[in-house]
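K.L.:
got a sequence here, can you build the structure:
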Amino acid sequence: MLRNYVKIAFRNLWRNKVFSGINVFGLAVGLASCLLLFLYISHELSYDDFQQKADRTVRVVMEYSMEGQVTKAPVTGTKVAPEFGRQFPEVETGVRLENRQAVVSYADRQFSEKRVVYADSALFTVFSFSLKQGNPKTALAGPNLVVLSESSAKKYFGNENPVGKTVRINAGGGDKEYAITGVVQDCPANSQIKYDLLASFTTLSASKEEQWFSANYATYLLLRKPESIAALQAKIPAFMKTQFSKEEMAGGNYLTYELQPLRSVHLHSEVEGNFEPNGDLTYIYIFGSVALLILIIACVNYINLATSRAVERAQEVGVRKVMGALRGQLFGQFIGESVIVTFTALGLGLLLVYLALPFFNKLSDRTFAFDSLMEPQNLLALAGIGLLVSLIAGGYPALILARFEPVRVLKGHLKTVGAGQFRRALIVFQFAITAFLIVCTLLVRNQLSYIQDKKLGYSKDHVITLAADRQVNEKIRALKSEFKRNADVRQVARAYESPVFINGGYSMHRTGTPDDQYKSVTALPVDEDFVKTMNLRIVAGRDLTPVDLERATVPGSDSLRHFHFILNESAVKAMGWKSPQEAVGQKMDMGSGRPGVVGAVVEDFHFASMKQKIGPLVIFPEDGGHTLLVKLSGSDLSNTLLFLESKWKSIVPGRPFEYEFLDEEFNRLYSAETRTGQIFSVFAFLSILLACLGLFGLSAYTTAQRTKEIGIRKVLGASVPNIVLLLSKDFLKLVFVAILIASPLAWWAMDRWLQDFAYRIDVAWWIFAVAALLAVGIAFVTVSLQSLKAALMNPVKSLKTE
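P.N.:
Sure thing, here's the model as predicted:
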C-alpha cells in the first residue's frame, strides 16, 4: 500500500507540474535562506566556544567616574592582572594583551602586519590556542620573543622550520630583533582575540612598571572556579577604594573594574571589543526573525496552493473513502506528498546554498564553509527541519482533504468556504511580512544614507592615512616638504590617530577651580597642520603654529612646557564657559605636566560613531603620532599616489607604503549596519519573490476556475480592463489589509532600532506610502499577468471549457 501511495503522490505532482514547481522552488528558496542565515547566526553565537576554560575566564573592564561622569573602557593599566593575582585567591593567573601595527622584516623582505599582539607568558595557560611548535610555558617567557601564526610562518619562511630563526619587528616601540620560539594555529574566526604574531609582553617598557592608569591593555583573568566570578566581583570595589587616598578619589570619583565572562563579551557587552568590533544580539534576533518569516512565506504558498486544489481532488478522496480508505490513511498519503515536496526542496535548497555561499560570504564579511552543513549533527537537524516543514506546510491541506464526506462529495455538494477564508487570511499574513520587510529595508538604507551624507564637521574626501612609526616621526619634516612639492597635495598633518574615531581618554582641569574637579574628555595630540588638513572650522581664537608645537615639546622639566589647547564647543560647555569667546585665553591643564591656555574653539565635529552624542574634545600639540594624514585635490589620484610612494620609499625605506582613504575608515564604523542593510535588501527581495510566486500560482488556479465566467462576461460586452480589474481586485484588497497590519509593526521595530543612534532620521509617513505602492504594484503586476491572459482568451474557447 505504501508503494501505491508513493506512486500516486508522484503522479499527482507530475500531473500538476506548474503548481508542484512553484511549491518546490518556493520551499527551496525559503530553506536556502534559512540555512544561510543559520550559518551566520550559529557563527555569532559560537564565539569563544572553543576556549576550554571559557567558563572561568573573564575580561576586565575599567569603570571610573569623574565629576559624576561615568566611563567604561575595555582596557586597563598594567597593574590589574598581577595585583589581582596577588590579592585575590579566586584568581589563578592573568594575561595582558596589546595589539600593535608593525613592520616585520626577514632577510630582504618586509611585511606590514596589523595584528601583532603583545601578550604575557600565561596566554597559553588561559586560552586554548594550540602551539604546533614550541613550548607553551616558555614561548613568551622573556623579552624579544615571538610566536608566528601558521599563516605568517608560511608567508615568511615557506616550508622551512622558523623556530630558532629571528625576525626584525618595528612596532612603534623601537626596531628590534625577535627570536621565533614557536608556531601557533591561526586564530579561529569565532575568537574575540585576533592575531598574526604573538610577541612577549615583557618586551614593552610598560611591563617594567605596574600602574592602575595609563590604560592601554586588554586584561583577562583565569579564575580557579566558574562560581568565583560573582564572589570576586563583589570584592573589587572595596579593594580599589584602599588603593587611593581620599584626595585622589574625592566626592563621587572612583575607579573600579567589571568582570565580563569570556563567552558573553562578543554579543552581550556594551563596551567595545579590544581586537574587533563586538557583535550585536539585536541583529541575531533580526536575522533569525527574517529567516523564520521567509520560511513561513514559503509554507504559506504550499498551504494556499494545496487547499485551492482541494476541489479537484475531492472526488478522488470520495472514491477512496467509499472503497474503504480510512481518514488516517488519507491523511498519511497527503502528508507523504508534502514530505516528497519538502525533501526535494531541501535538496534543491542545499544546492542553492552551495552556489550562493561565495556571494553570502562577501555580503556578510564572513568565511563560511558548505562542509559545516554536512556534519552529522547538522544533517540530523536538516532532516528534522524537513519533517517539521512537511507537517506545517502539508498538515492543514491533508486535514482538509481527509475530512471530506464521500456522499456529499460524489453528489457535488462540496463547500470550501472555510478553506477560502483561511487562504485569504494566509495571503494577508504573507503580504504583511513582505510589506514589513520592505519598510524595514527602506528605513535601514535611509539611515545609512543619512550617515553618509550628514555634515561631519571635517573633510574626509580625498584624505589618505599612512601609518607612522619612529622612523616616520624622525623624518616628518622631510616627508611633508617632499609631499608638498606635488601641486595635488593640499596639506599634510600628523596625529596620534585619525579623526574618524578618537579613543584617547584624558582629564581636563580648569585653573581656579578645586584641584579635584577634573572632567573626563577625549583628546587628540596633533601637529600644527591638523586643523587645516581636516578643514575644521575655528569659531574663536587662532590655529596652532610651529611655535606652539615647540613650546609644548620643550625638553627637560615639565614646568617649561606650555600648551595651546583647542577645544570643541561641547568641551566649552562642559567646563562652564558661556561662549567660545569667553573660553579663549582661559588657563587650564590636562595633568601629566600639560599646563596651558585655551587657544581656540572649533565647531563640534563627529569624532566617533553617530550612535554617540558629540562629547567634550581637546586637541593639543605634540611632536609625535601614529597617523599621517595627506589631503589631496583628487584631480589626478593615480599619479599623485605614485609620486607619494616614490618619495616615501626614498625617505623611509624601512616601512612599506600602505595607505587607506579616510572615507573607507569611516565606512568601517558602520560595517555592521551596512551588512544589515544589504542582508535586509537581499532577503526582502527573496520574500517578495516568494510572495509573488505564491500569488501567481493561486491567481492562475483561481483564473482557471473562472474561465467559463470570463467567457460569458466577454460575450455580454465586458472589456479587457474590466475583466483584469474583476480578477485582481479581490487579491489587491487583501494586500491593502496586509499593509495596514504591517505598517505599525514596522514603525515600532524600526523606531526601536533607530534608538541606538544619537543622530537619526525621522520615521516619515512617505516611507510607508512608498512601501505600500511597491507592495500593491508588485501584487497587481503578478495577478494581472494571469488576469490579462484570461481576458484576452477567445470567449468561444472559454465557453467550451469543461
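K.L.:
hey, which helix or strand in this structure has the poorest pLDDT?
P.N.:
helix 406-410 (a mean of 55; mean pLDDT, DSSP states H and E).
K.L.:
what comes up buried for the helix or strand that that helix is followed by?
P.N.:
The C-terminal neighbour of helix 406-410 among helices and strands, as given by DSSP states H and E, is helix 417-453. Buried positions in helix 417-453, judged by neighbour count with 16 or more other Cβ atoms under 10 Å: 419, 422-424, 426-448, 451. For the C-beta atoms, the positions are set from N, CA and C on the backbone; glycine is no exception.
K.L.:
average pLDDT across helix 417-453?
P.N.:
Throughout helix 417-453, pLDDT has a mean value of 79.
K.L.:
by contact count, what packs against it?
P.N.:
For helix 417-453, the packing partners by 3 or more Cβ pairs under 8 Å, 6 or more residues apart in numbering; DSSP states H and E come out as helix 281-308, helix 671-705, helix 720-754, helix 765-791.
K.L.:
adding mean neighbour count, mean pLDDT and distance to residue 629, write the ones you listed out as a markdown table.
P.N.:
Formatted as a markdown table, the helices and strands packed on helix 417-453 follow (neighbours: other Cβ atoms under 10 Å; pLDDT from 0 to 100; distance: least, Cβ to Cβ, whole Å):
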| stretch | mean neighbour count | mean pLDDT | distance to residue 629 |
| --- | --- | --- | --- |
| helix 281-308 | 22 | 80 | 32 |
| helix 671-705 | 20 | 76 | 22 |
| helix 720-754 | 17 | 83 | 32 |
| helix 765-791 | 18 | 79 | 38 |
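K.L.:
format these as TSV; extra columns: distance to residue 533.
P.N.:
Output for those, formatted as TSV (distance: least, Cβ to Cβ, whole Å):
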stretch	distance to residue 533
helix 281-308	36
helix 671-705	25
helix 720-754	33
helix 765-791	38
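K.L.:
for residue 659, which of those helices is the nearest?
P.N.:
Counting by Cβ to Cβ, residue 659 lies closest to helix 671-705 out of the helices and strands packed on helix 417-453; the figure is 19.6 Å.
K.L.:
the closest one vs helix 417-453, what angle?
P.N.:
Taking axes from the mean of the first three to the mean of the last three Cα atoms, to 10 degrees, helix 671-705 and helix 417-453 form an angle of 150 degrees between their directions.
K.L.:
need the nearest residue in space to residue 563, chain neighbours excluded.
P.N.:
Counting by Cβ to Cβ, 6 or more residues apart in numbering, residue 596 is the residue found nearest to residue 563 once chain neighbours are left out, at 3.0 Å.
K.L.:
surely the one you found meets residue 620?
P.N.:
Yes. With contacts counted by Cβ atoms under 8 Å, residue 596 reaches residue 620, the gap being 7.4 Å.
K.L.:
need the overlap of contacts for these two.
P.N.:
552, 563-565, 590 (Cβ atoms under 8 Å, 6 or more residues apart in numbering).
K.L.:
and of those residues, the nearest to residue 628?
P.N.:
Proximity of these to residue 628 (Cβ to Cβ) peaks at residue 552, which lies at 19.1 Å.
K.L.:
tell me the contacts of that closest one?
P.N.:
Per Cβ under 8 Å, 6+ apart, neighbours of residue 552: 561-564, 594, 596, 620-623.
K.L.:
buried ones among these?
P.N.:
Buried members of the contacts of residue 552, scored by 16+ other Cβ under 10 Å, are 561, 563-564, 594, 596, 620-622.
K.L.:
name the nearest residue to the residue positioned nearest the centre of the chain, ignoring sequence neighbours.
P.N.:
With distances taken as Cα atoms, centre = their mean, the residue of the chain nearest its centroid is residue 672 (2.5 Å). Closest residue in space to residue 672, ignoring its immediate chain neighbours: residue 280 at 6.1 Å, by Cβ to Cβ, 6+ apart.
K.L.:
what about the one you found, distance to residue 664?
P.N.:
Counting by Cβ to Cβ, to the nearest Å, the gap from residue 280 to residue 664 is 22 Å.
K.L.:
check residue 644 too.
P.N.:
Going from residue 644 to residue 664 by Cβ to Cβ gives 17 Å.
K.L.:
so those two - more neighbours on which side?
P.N.:
Taking other Cβ atoms under 10 Å, residue 644 and residue 664 do not tie; residue 644 has more neighbours (23 against 12).
K.L.:
isn't the more buried one right up against residue 484?
P.N.:
No. Using Cβ under 8 Å, residue 644 makes no contact with residue 484, being 10.8 Å away.
K.L.:
and the residue nearest to residue 563, that's in a strand?
P.N.:
Yes. According to DSSP: H, G, I helix; E, B strand; the rest coil, the state of residue 596 is that of a strand.
K.L.:
check contacts around it.
P.N.:
Residue 596 makes contacts with 552, 562-565, 587-590, 620, as judged by Cβ under 8 Å, 6+ apart.
K.L.:
picking up where we left off before, which one of the shared contacts of residue 596 and residue 620 is nearest residue 375?
P.N.:
Using Cβ to Cβ, the shared contacts of residue 596 and residue 620 come closest to residue 375 at residue 590, 55.5 Å.
K.L.:
surely the closest one meets residue 571?
P.N.:
No. Between residue 590 and residue 571 there is no contact under Cβ under 8 Å: 11.1 Å.
K.L.:
what do these two both touch?
P.N.:
Joint contacts of residue 590 and residue 571 (Cβ under 8 Å, 6+ apart) are 508, 618.
K.L.:
please parse the protein into its domains.
P.N.:
1-46+281-415, 54-268 (automatic domain parsing).
K.L.:
distance from the chain centre to the last one, please.
P.N.:
Averaging C-alpha coordinates over domain 54-268 and over its chain gives two centres that are 25 Å apart (Cα atoms, centre = their mean, to the nearest Å).
K.L.:
for that domain, give the mean pLDDT please.
P.N.:
Averaged across domain 54-268, pLDDT comes to 91.
K.L.:
the stretch 101-250 of the chain: helices as residue ranges?
P.N.:
Counting by DSSP state H, counting those that start in this stretch, the stretch 101-250 of the chain has helices at residues 123-126, 150-157, 228-241.
K.L.:
winner for burial among those?
P.N.:
Comparing those by mean neighbour count (mean count of other Cβ atoms under 10 Å), helix 123-126 ranks first with a mean of 22.
K.L.:
contacting residues around that one?
P.N.:
53, 57, 93-95, 97, 129, 131, 136-137, 139-140, 198, 220, 222.
K.L.:
switch to 7 Å and redo it
P.N.:
Helix 123-126 has contacts (Cβ atoms under 7 Å, 6 or more residues apart in numbering) with 53, 57, 93, 95, 131, 136, 139-140, 198, 220, 222.
K.L.:
kindly list the longest strand within the protein.
P.N.:
The longest strand of the chain (DSSP state E) is strand 91-106.
K.L.:
note down every partner strand of that one and its orientation.
P.N.:
Sheet pairing of strand 91-106 (DSSP bridges) gives strand 109-119 (antiparallel), strand 166-170 (antiparallel), strand 218-223 (antiparallel).
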